[in-house]
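Participant: need coordinates for the following:
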Amino acid sequence: MRLISARRTRAILIVAGVTAVACVISTTTRPRALEVHGFEQVTTPVKAHLVNGSVVIFPTGASIGASAVTGMGQRFDATRTAVQHVSSVPLDSVLGLETYERHVNPGRTLLYGTVTLAAATFGAAALAVAIFGSCPTIYADSAGTQVLQAESFSNSIAPLLARRDLDRLIVNADSAGIVRLDVRNEALETHYIDHLELVEFRHRANEMALPATPAGVIAVSDIMVPGSVRDGAGRDVRAMMAADDDAVFSTDAGFLARAINGGPVEDHLDVTVPRSVVGDTLALVLRVRASLLSTTVLYHYMLGRPGVHALDWMGKDLARITTLAKLANWYAANFGLRVSVRDGDEWKPVARMVNFGPVAWRSIGVLVPPVAGDSVRIRLSFLADEFRFDRIGVAPHARMLEPRAIPITRITDASGNPRDAVAKVLRRADARDLETHPGDRFYAEFDVGPARAGTRTFMVGSEGYYTEWVRAQWIRTATDSVPFSPSRVTVRDILRTWQLSRDTLEQRFFARRVPIV
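Facilitator: Have a look, this model is predicted:
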């Protein structure tokens with residue numbers, strides 16, 4: 001974990017619609033890997049993370065082949081103090097490659113020994129297969145146990161895509177009025193965290209506060225189960241959606257198979273609410289997360305298939321507005337969760353959401369405009385098997401809430417040592433980022449003061465982006481000789497790949513993880 005400074009442009013209009021992809025690792029069998037001849041030249045600056053914990057940077061790019069990474073490089077040991085000039089690194093010793101856009105300062109606030117421990121524990125090959133994790137995972141204490149609460153900016157895979165996230169927490173202040181969050185990097189990624197804060201929302205004891213779309217935070221009350229909930233396969237899934245539990249909706253296997261073989265690729269959930277139980281005000285209450293399908297898009301199509309070519313794509317192509325615009329248009333046309341309401345003979349669009357990760361459940365509200373009729377019909381539309389739903393409720397009462405931003409009081413590292421410089425950086429959204437690597441963690445404390453129990457909800461506000469590590473395995477098994485382009489893939493291709501790998505990925509998802517120190 002270290003501090004960095006940089007000036008970067010924010011492409012706000014692009015960010016609003018671009019990829020909501022997850023940060024976990026997925027793999028798919030590639031039966032026709034390219035035969036690698038010689039080396040491919042990468043012109044963007046490259047950082048090679050080695051299995052022994054050291055790092056080699058190639059500031060002018062590198063030549064990468066099936067056996068080695070070559071170029072004018074500098075090696076830093078696990079403590080980032082020793083520097084050695086190198087011209088070649090064996091690919092077998094590389095855990096992952098990433099691009100970077102700035103001068104690398106080897107100074108760190110935490111030792112970088114975690115990945116070495118992970119490699120010794122699982123082996124480099126195991127790490128390349130499946131690791132738990134997602135862009136910054138945030139935990140908080142619950143009855144003496146750290147419980148996953150949120151994952152931040154899960155769709156920000158490049159500097160131009162940096163954006164703000166607001167995630168609802170289930171956490172209370174301690175006896176001294178302190179809320180303590182445990183922020184982790186649990187994947188083979190580098191996180192760049194620009195801003196972190198706690199936001200308090202006061203409400204009545206019988207209300208639930210939720211981030212809402214199109215905008216703001218709402219308080220809802222008298223949440224009830226809808227009159228009916230049916231999916232695209234015609235199944236009655238109302239009972240499955242009644243509570244926060246382990247009964248989770250996923251697209252029917254037969255529906256997915258038909259989508260792959262020429263049927264509709266979009267699944268939906270139709271929610272019906274009798275007019276007798278709601279008035280003009282209606283809020284949809286969702287507990288939802290992404291499936292690993294989005295992860296398959298990122299790791300198989302965008303990074304795995306291109307292999308070496310993914311490095312320049314991340315380092316240069318994603319720094320161009322034109323590339324991001326094409327990516328955003330493609331993603332908006334095929335992915336995301338869309339909400340519409342039946343108004344006469346037409347479905348009227350209400351909202352579209354993209355910022356879901358596959359690790360933490362996200363509780364959100366959707367304000368539904370009033371429509372005529374003896375019932376309110378709401379449709380949730382999405383690419384087949386793209387989402388998991390744990391709860392769908394409706395609330396007849398909703399009102400907007402005012403936020404109170406609470407800056408960081410103190411940051412400590414995993415050993416309990418204060419990190420005042422880190423706290424100073426994270427208190428403001430500016431050009432200074434905190435950079436974290438696999439296995440890094442820190443604790444953020446917020447002085448929220450006293451309040452009556454059940455009358456306030458805390459949400460974590462965060463802003464930043466992350467970069468993926470291209471695995472050596474992907475370089476060896478790449479099937480494409482060019483970078484990713486949306487024009488070269490179809491939705492049915494993606495669904496077919498997902499169907500083949502889904503069960504294996506979901507079984508392995510929580511089985512392996514980067515150790516946290």
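Participant: quick one: mean pLDDT for stretch 48-68?
Facilitator: The average pLDDT within stretch 48-68 is 93.
Participant: how far is whichever strand or helix holds residue 381 from where the chain is centred?
Facilitator: Of the helices and strands defined by DSSP states H and E, residue 381 is found in strand 375-383. Put simply, strand 375-383 sits 25 Å off its chain's centre (C-alpha atoms, centre = their mean, to the nearest Å).
Participant: residues contacting the next helix or strand after that strand, please?
Facilitator: The C-terminal neighbour of strand 375-383 among helices and strands, as given by DSSP H and E, is strand 387-395. For strand 387-395, the surrounding residues in contact (C-beta atoms under 8 Å, 6 or more residues apart in numbering) are 208, 220-226, 229, 241-245, 247-250, 269, 271, 273, 278, 282-291, 337, 356, 361, 365, 380. All C-beta spots, glycine's among them, are computed from the backbone N, C-alpha and C.
Participant: if we use 7 Å, what do you get?
Facilitator: With contact meaning C-beta atoms under 7 Å, 6 or more residues apart in numbering, strand 387-395 is reached by 220-226, 229, 241, 243-244, 248-250, 269, 271, 273, 278, 282-291, 337, 356, 361.
Participant: tell me the angle that strand makes with strand 375-383.
Facilitator: 160 degrees (axes from the mean of the first three to the mean of the last three C-alpha atoms, to 10 degrees).
Participant: next SSE downstream of strand 387-395?
Facilitator: Taking DSSP H and E, what comes next after strand 387-395 is strand 397-400.
Participant: from the contact counts, what lies against that following strand?
Facilitator: strand 217-221 (3 or more C-beta pairs under 7 Å, 6 or more residues apart in numbering; DSSP states H and E).
Participant: what does the strand it packs on rub up against?
Facilitator: Contacts for strand 217-221 (C-beta under 7 Å, 6+ apart): 201, 203, 206-212, 283, 285, 365, 367, 395, 397-401, 403.
Participant: could you dump the strand holding residue 381 to CSV, C-alpha only?
Facilitator: Only the C-alpha atoms of strand 375-383 are listed here, as CSV (Å, rounded to 0.1, in the frame of the first residue of the first chain):
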residue,chain,number,x,y,z
SER,A,375,-52.4,-3.0,-10.3
VAL,A,376,-48.8,-1.8,-10.7
ARG,A,377,-46.7,-4.0,-13.0
ILE,A,378,-42.9,-3.7,-12.9
ARG,A,379,-40.4,-5.5,-15.0
LEU,A,380,-36.8,-6.1,-14.2
SER,A,381,-34.9,-7.0,-17.4
PHE,A,382,-31.4,-8.4,-17.7
LEU,A,383,-29.2,-10.6,-19.8
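Participant: identify each buried residue in it, please.
Facilitator: 375-383 (16 or more other C-beta atoms under 10 Å).
Participant: using a markdown table, lay out the residues you listed together with distance to residue 89 and pLDDT.
Facilitator: Putting those into a markdown table (distance: C-beta to C-beta, whole Å; pLDDT from 0 to 100) gives the following:
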| residue | distance to residue 89 | pLDDT |
| --- | --- | --- |
| 375 | 64 | 92 |
| 376 | 61 | 94 |
| 377 | 59 | 96 |
| 378 | 55 | 97 |
| 379 | 53 | 98 |
| 380 | 48 | 98 |
| 381 | 47 | 98 |
| 382 | 42 | 98 |
| 383 | 39 | 98 |
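Participant: any chance of the residues you listed in a markdown table, plus distance to residue 428?
Facilitator: Below are the buried residues of strand 375-383 laid out as a markdown table (distance: C-beta to C-beta, whole Å):
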| residue | distance to residue 428 |
| --- | --- |
| 375 | 48 |
| 376 | 43 |
| 377 | 45 |
| 378 | 39 |
| 379 | 41 |
| 380 | 37 |
| 381 | 39 |
| 382 | 36 |
| 383 | 37 |
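Participant: what ranges in the protein fall below the confidence cut-off?
Facilitator: Residue ranges of the chain with pLDDT under 70: 1-38, 101-134, 509-517.
Participant: and it, what are its domains?
Facilitator: 23-134+304-322+468-508, 208-295+330-400 (automatic domain parsing).
Participant: so residue 503 belongs to a strand, correct?
Facilitator: No. Counting by DSSP: H, G, I helix; E, B strand; the rest coil, residue 503 is not part of a strand but helix.
Participant: measure it to residue 255 for me?
Facilitator: Distance of residue 503 to residue 255, given as C-beta to C-beta, to the nearest Å: 16 Å.
Participant: these two - which one has more neighbours?
Facilitator: residue 255 (20 against 9; other C-beta atoms under 10 Å).
Participant: how far out from the middle of the chain is stretch 432-444?
Facilitator: 16 Å.
Participant: repeat that for stretch 45-58.
Facilitator: 24 Å.
Participant: now do stretch 154-167
Facilitator: Per C-alpha atoms, centre = their mean, the centroid offset for stretch 154-167 relative to its chain is 8 Å.
Participant: for it, measure first residue to last.
Facilitator: Stretch 154-167 has an end-to-end distance of 12 Å (criterion: C-alpha to C-alpha, to the nearest Å).
Participant: and residue 171, how many neighbours?
Facilitator: 22.
Participant: wait, a helix at residue 296?
Facilitator: Yes. Judged by three-state DSSP, residue 296 forms part of a helix.
Participant: I'd guessed it sits against residue 499; true?
Facilitator: No. Look at residue 296 against residue 499 with C-beta atoms under 7 Å: they stay out of range, at 10.0 Å.
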